[in-house]
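> Fold the stuff below for me.
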Amino acid sequence: MYMEEKNNAHPIGLIACSYEGALLCYKSICLEAAAIMGPHAHPTISMHNHSLRESMICIEQDDWKGVALLMLDSAKKLVATGAELIACPDNTIHQALELLDEPLPGKFLHIAEEVMKEAQRCGYKNLALMGTKYLMEGPVYKKASANAGLEVSIPLQADRIEINRIIFDELVHGIISPSSKQYLLRLIEQFKQQGCDAVILGCTEIPLIVLPEESSLPVLDSTRLLAKALVHASMKEL
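Next up, the predicted model:
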């Protein structure tokens with residue numbers, strides 16, 4: 001029997017997008033917290049998820065302001081439940097944040113910034129990036145890497161299209177295809193041959209298919225790095 005004790009960690013709110021990525025982040029927070037806070041312990045966690053289709057309609061129409069408004073609505077709902085730390089376990093839609101007319105409520109942790117902190121801590125200099133085509137071609141990691149003084153390389157266009165297909169046709173539905181796994185692992189090996197010293201798993205579902213022990217490069221798992229940062233931040237003064 002456990003003695004009653006108060007959970008003093010700041011409550012966490014997750015702006016979810018795809019369910020597989022959000023689920024992995026939620027689980028990772030709980031596992032990371034238990035290792036630090038003790039068995040079964042973790043911060044209070046709330047999650048809000050508009051239908052992924054709502055975000056995809058906006059993205060496919062290049063309506064990033066629409067995505068931003070969905071994120072803002074989720075953040076406000078999360079703060080209303082008591083969340084103090086806010087994060088989004090979806091790399092791609094971070095592109096929309098700069099279009100907001102008002103900041104997200106609560107203290108927001110930016111997933112790409114957390115990845116760059118880990119890359120700097122490990123001494124990596126030239127990072128490969130794998131994610132949706134919107135992420136690989138967009139500004140999220142370009143800006144974060146420039147601010148960190150690091151280089152980021154992306155696949156060729158044909159590979160970007162195929163990675164995007166794997167994500168949206170397979171990974172967001174929980175489908176792990178052996179042929180897709182081998183394809184992604186071959187790309188990582190190509191990046192290694194080109195001089196990259198680590199690979200960013202910049203789609204929150206890619207860690208489900210690319211495992212660290214299978215990759216020829218060290219992986220920067222954006223999902224789990226965000227979860228770890230959230231746990232540590234939840235135990236500090238905001």
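> Was I right to think residue 16 contacts residue 86?
No - using Cβ atoms under 8 Å as the test, residue 16 is too far from residue 86 to be in contact (11.7 Å). C-beta here means a position set from N, CA and C on the backbone, and glycine is covered the same way.
> per-domain residue ranges of this structure.
12-110+225-234, 112-221 (automatic domain parsing).
> Make a markdown table out of those domains and add mean neighbour count.
What follows is these, written out as a markdown table (neighbours: other Cβ atoms under 10 Å):
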| stretch | mean neighbour count |
| --- | --- |
| domain 12-110+225-234 | 19 |
| domain 112-221 | 18 |
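> Give me the contacts around the top helix by length along the chain.
Counting residues, the longest helix found in the chain (DSSP state H) is helix 19-37. For helix 19-37, contacts defined as Cβ atoms under 8 Å, 6 or more residues apart in numbering pick out 9, 12, 14, 16, 40-43, 45, 47, 49, 52, 87, 89-90, 171-174, 203-205, 207-208, 223-224, 226-228, 230-232, 234-235.
> Out of those residues, name the ones that lie in helices.
Mapping these onto helices (DSSP H) picks out 52, 223, 224, 226, 227, 228, 230, 231, 232, 234.
> could those be laid out in TSV, adding distance to residue 164?
Shown next, in TSV, are those (distance: Cβ to Cβ, whole Å):
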residue	distance to residue 164
52	15
223	18
224	22
226	21
227	24
228	27
230	27
231	31
232	32
234	33
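> so which pair among these is furthest apart in space?
Within the ones in helices among the contacts of helix 19-37, two members stand farthest from each other by Cβ to Cβ: 52 and 232, at 28.7 Å.
> can you give me the strands for the protein?
In the chain, the strands defined using DSSP state E lie at 12-16, 45-49, 85-87, 107-109, 126-130, 151-153, 198-201, 219-221.
> Mind putting the domains of the chain into a markdown table with mean pLDDT?
Formatted as a markdown table, these follow (pLDDT from 0 to 100):
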| stretch | mean pLDDT |
| --- | --- |
| domain 12-110+225-234 | 94 |
| domain 112-221 | 96 |
